[in-house]
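*Asks:* With the input below, show me the fold.
(one chain, ligands or ions: 2)
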Amino acid sequence: RQYIWLDCDPGHDDAFAIMLACYQPNFELLGISTIMGNQTVDKTTVNALKVLELIGKGGSVDVVQGVQAPLVRPSMICPEIHGLTGLDCSIPLPTPKHAPITDRPAIQVMAEKIRSTFKTINNTDQSTVPTSSAVVADQQPDSAAAKPAKKITIVATGSLTNVALLFIVYPDIKSMVDVSLMGGCINIGNMSPAAEFNILVDPEAAKVVYESGVKITMVPLEVTHKALVTPAVIERIQNINPTSNFVKIVVELLKFFSESYQTLFDFPDPPLHDPLAVAYLINPNIFKCKVMRVDIETGSSLTLGRTVCDIFNFSKLEKNVNVCTDVDIEKFWDMLIDSLVLCDKA
Ligand code: BDR
Ligand code: CA
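*Replies:* Residues are numbered from 1 along each chain as shown. Ligands and ions are numbered 1, 2, ... in the order given. Presented below is the predicted three-dimensional model:
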């Protein structure tokens, strides 16, 4: 069983990450926090609630609104891709019937949930947990007494501001979690020649997370750009149930996304980035990965937000990120469509 917290900025592709995460028999989705990025955090919160309502999960997954601005920089939003609502669609999504948690800040809600879950799944007092959990350390053979603790995975599909604040304010959480994130690029960016959007929105937060010692899996643009929503993919989705309102909405969401990518990037088909960070947890065997040193550029105006991937280990620094380099894309679509079938039945 896997215990997941999803931090996202829905966002068309984030919506599919939610759908995939909500219908995995082996997952327990502990909650969803929202972040600014594709739109303001007020809008991404409403969108998360709408998606849950659409797939029959309204009220059964906690939603909490995260911070509204990056750690030190002004906010950046992306209506060019996701529209004025952040989840534009020609058919309206259902109005949420359930409210988000508002009595505590998101990072407090996350910390409480992660601590209590960690305690339950390890059947232990959290004070006995070892503090370091770097990727390399995880690959060492276990020492005599140490059985590795079961961890909660934070899936991050937006900028890393909430996650960075969680690690800064509640450092004990770092020993209880892994991170699977959609973000960064090995080569070319999508918001500048050097940087991918999620990292560029808050490079300082990304730096905190990448240097935290927490085990990170990163699904970069090189991999997400294989998940192209071709007309054949749309047809498969339509065939799930051509008369259902859910399927019609999903298809319209993808059409809006597709038109944005055609206009902005001249892509014939849009890449559905975010569900890949969830798919890695469902079946890591469909991905190829390489553990390497990755650092975040925060100083240069030319390459701000670059994920500097040290593939050949020039720096000799500790390897800190499991970088996905390829995916069996047919298996990914099978996985996503299976979960859409379950969403449709709900
Ligand atoms: C990422 O940026 C956002 O617009 C998408 O939702 C995705 O998380 C791709 O660069
Ligand atoms: Ca996103």
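
*Asks:* okay, CA-based contacts and neighbour counts for the rest of this
*Replies:* OK.

*Asks:* What parts of the stretch 1-150 of the chain come near ligand 2?
*Replies:* Residues of the stretch 1-150 of the chain that fall close to ligand 2, judged by CA under 5 Å from the ion: residue 14.

*Asks:* which stretches of the stretch 1-150 of the chain have low pLDDT?
*Replies:* 124-145 (pLDDT under 70).

*Asks:* change it to 80
*Replies:* Applying pLDDT under 80 to the stretch 1-150 of the chain flags the ranges 124-146.

*Asks:* Could I get the full set of strands for it?
*Replies:* Here the stretch 1-150 of the chain has its strands, by DSSP state E, counting those that start in this stretch, at 2-8, 27-34, 63-65.

*Asks:* Show me the one of those strands that comes nearest ligand 1.
*Replies:* Nearest of the strands of the stretch 1-150 of the chain to ligand 1, taken as CA to the nearest ligand atom: strand 2-8 at 7.7 Å.

*Asks:* Residues of the stretch 151-300 of the chain that sit close to ligand 1?
*Replies:* Applying CA under 6 Å from any ligand atom, we find that the stretch 151-300 of the chain lies next to ligand 1 at 157-158, 196-198, 273-274.

*Asks:* tell me, which of the residues you listed make contact with ligand 2?
*Replies:* Counting by CA under 5 Å from the ion, 157-158 from those sit close to ligand 2.

*Asks:* Past the top strand by length along the chain, which element shows up next along the chain?
*Replies:* Longest strand of the chain, by residue count under DSSP state E: strand 287-296. Next helix or strand after strand 287-296 toward the C-terminus (DSSP states H and E): strand 307-310.

*Asks:* Other residues contacting that following strand?
*Replies:* By CA atoms under 8 Å, 6 or more residues apart in numbering, the surrounding residues in contact with strand 307-310 are 184-186, 195, 199, 292-297.

*Asks:* Let me know the closest of those residues to residue 162.
*Replies:* Residue 162 lies nearest to residue 199 out of those, by CA to CA, at 12.7 Å.

*Asks:* Wait, the closest one touches residue 159, no?
*Replies:* Yes. Here residue 199 lies in contact with residue 159, judged by CA atoms under 8 Å, at a distance of 5.9 Å.

*Asks:* Compare the two (neighbour count), which wins?
*Replies:* Between residue 199 and residue 159, residue 159 has the larger neighbour count (other CA atoms under 10 Å), namely 30 against 27.

*Asks:* tell me which element the closest residue to the more buried one other than its chain neighbours is part of?
*Replies:* Using CA to CA, 6 or more residues apart in numbering and skipping the chain neighbours, the partner closest in space to residue 159 is residue 198 (4.4 Å). Per DSSP H and E, residue 198 falls inside helix 197-201.

*Asks:* Which strand residues bridge residue 177?
*Replies:* Here residue 177 sits in beta bridges with residue 152, going by DSSP bridges.

*Asks:* What degree of burial does it show, as a neighbour count?
*Replies:* Neighbour number of residue 177 under other CA under 10 Å is 24.

*Asks:* quick one: it and ligand 1, what's the gap?
*Replies:* For residue 177, the distance to ligand 1 equals 20 Å [CA to the nearest ligand atom, to the nearest Å].
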